[in-house]
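Student: Pasting a predicted model and its sequence here:
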Amino acid sequence: MSLIRIPPMLRGEVGGARQVPADGDTVRELLDDLISRFPGLRSQLVEDEELAPFVNVYVEGEDVRMLEGLDTEVGPGSTIILLPAMAGG
């Protein structure tokens, strides 16, 4: 089991939790597990079955886009950070 850190702007979708446990061996499996329990996250994290372009995901501090994307392997006890991009001026 891994822990997914939930940023403040998404915590309303997960009952206010700062982090949520999830099962899976890849980032895709972890997100599938997370979204199966919190379906409101789908539109904010996934687009056309891939990671939405405005969302960054880090596994142990490494950007998954620089690794294997959603197919990045995740070891037991890993920490995954979701970080949607924010716009502003």
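Tutor: Looks like it arrived, so ask away.
Student: what about stretch 73-88, average pLDDT?
Tutor: On average, the pLDDT along stretch 73-88 is 86.
Student: how far is it from where the chain is centred?
Tutor: Centroid displacement of stretch 73-88 relative to its chain, using CA atoms, centre = their mean, to the nearest Å, is 5 Å.
Student: mind saving the C-alpha coords of it as CSV?
Tutor: The C-alpha atoms that make up stretch 73-88 are tabulated as CSV, following Å, rounded to 0.1, in the frame of the first residue of the first chain:
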residue,chain,number,x,y,z
GLU,A,73,6.3,1.4,-10.9
VAL,A,74,5.6,2.1,-7.3
GLY,A,75,7.0,0.2,-4.4
PRO,A,76,5.1,-0.7,-1.2
GLY,A,77,5.1,2.3,1.2
SER,A,78,5.9,4.8,-1.5
THR,A,79,4.6,8.4,-1.3
ILE,A,80,2.9,9.9,-4.3
ILE,A,81,2.2,13.6,-4.5
LEU,A,82,-0.6,15.0,-6.7
LEU,A,83,0.1,18.6,-7.8
PRO,A,84,-2.4,20.2,-10.1
ALA,A,85,-1.1,23.3,-11.8
MET,A,86,-2.4,26.6,-10.6
ALA,A,87,-3.0,29.6,-12.8
GLY,A,88,-2.8,33.2,-11.7
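Student: In that stretch, which residues are buried?
Tutor: Across stretch 73-88, burial judged by 16 or more other CB atoms under 10 Å covers Val74, Ser78, Ile80, Ile81, Leu82. Any C-beta I mention is one placed from the backbone N, CA and C, and that applies to glycine too.
Student: Any chance of JSON lines for these, columns secondary structure?
Tutor: As requested, those are exported to JSON lines (DSSP: H, G, I helix; E, B strand; the rest coil):
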{"residue": "Val74", "secondary structure": "coil"}
{"residue": "Ser78", "secondary structure": "coil"}
{"residue": "Ile80", "secondary structure": "strand"}
{"residue": "Ile81", "secondary structure": "strand"}
{"residue": "Leu82", "secondary structure": "strand"}
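Student: Would you convert the residues you listed into CSV that also reports distance to Arg42?
Tutor: Below are those laid out as CSV (distance: CB to CB, whole Å):
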residue, distance to Arg42
Val74, 19
Ser78, 22
Ile80, 17
Ile81, 19
Leu82, 13
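Student: Right, I'll call it a day here.
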